[in-house]
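In: What follows is a predicted structure for the sequence shown.
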Amino acid sequence: MFTFMKQYDLSDKTLIPFLTHERSGLDYAVQDIKEIYPNANILTPKVFYGHEVRTDMSKAKAWLESLCYKE
């Protein structure tokens, strides 16, 4: 993630952090993103447990639809 962020200037963009995990959660990821892109509009992050989306993407699709994203 950090390699990507160092290569691309997303300073004035809207960023929507999301991840899957089983135990670790976000930790300091959003704080780190805010430090790298202090002028970015960072929306509330979404966290999914890996087992929730491994075989059923309905929760992820519902979240994307709530953001007005369509396939």
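Out: Yep, that arrived. Just so it is clear, the model here is predicted, and its values are computed rather than measured.
In: OK, contacts around the residue nearest to the spatial centre of the chain?
Out: Closest residue to the average C-alpha location of the chain: residue 17 at 1.7 Å, with Cα atoms, centre = their mean. Counting by Cβ atoms under 8 Å, 6 or more residues apart in numbering, residue 17 touches 26, 29, 30, 33, 42, 43, 45, 46. For every residue, glycine as well, the C-beta is placed using N, CA and C.
In: ok, now with 6 Å
Out: For residue 17, the set of contacting residues under the criterion of Cβ atoms under 6 Å, 6 or more residues apart in numbering consists of 30, 45.
In: do the same with residue 35
Out: By Cβ under 6 Å, 6+ apart, the contact list for residue 35 is empty.
In: Then residue 26?
Out: Residue 26 makes contact with residue 45, according to Cβ under 6 Å, 6+ apart.
In: The same query, at a cut-off of 10 Å, please.
Out: Residue 26 makes contact with 17, 18, 19, 32, 45, 46, 47, according to Cβ atoms under 10 Å, 6 or more residues apart in numbering.
In: Quick check: pLDDT value at the nearest residue to the third one once chain neighbours are set aside.
Out: By that I understand residue 19. Counting by Cβ to Cβ, 6 or more residues apart in numbering, residue 19 lies nearest to residue 47, which is 5.9 Å off, once chain neighbours are set aside. Residue-level confidence at residue 47 comes out at 88, pLDDT.
In: Just the CA atoms of the helix or strand containing residue 47, as CSV, please.
Out: Using DSSP states H and E, the secondary-structure element containing residue 47 is strand 46-49. The C-alpha atoms that make up strand 46-49 are tabulated as CSV, following Å, rounded to 0.1, in the frame of the first residue of the first chain:
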residue,chain,number,x,y,z
LYS,A,46,-15.0,-0.2,5.7
VAL,A,47,-13.6,-3.4,7.2
PHE,A,48,-14.8,-6.8,6.3
TYR,A,49,-13.8,-10.1,8.0
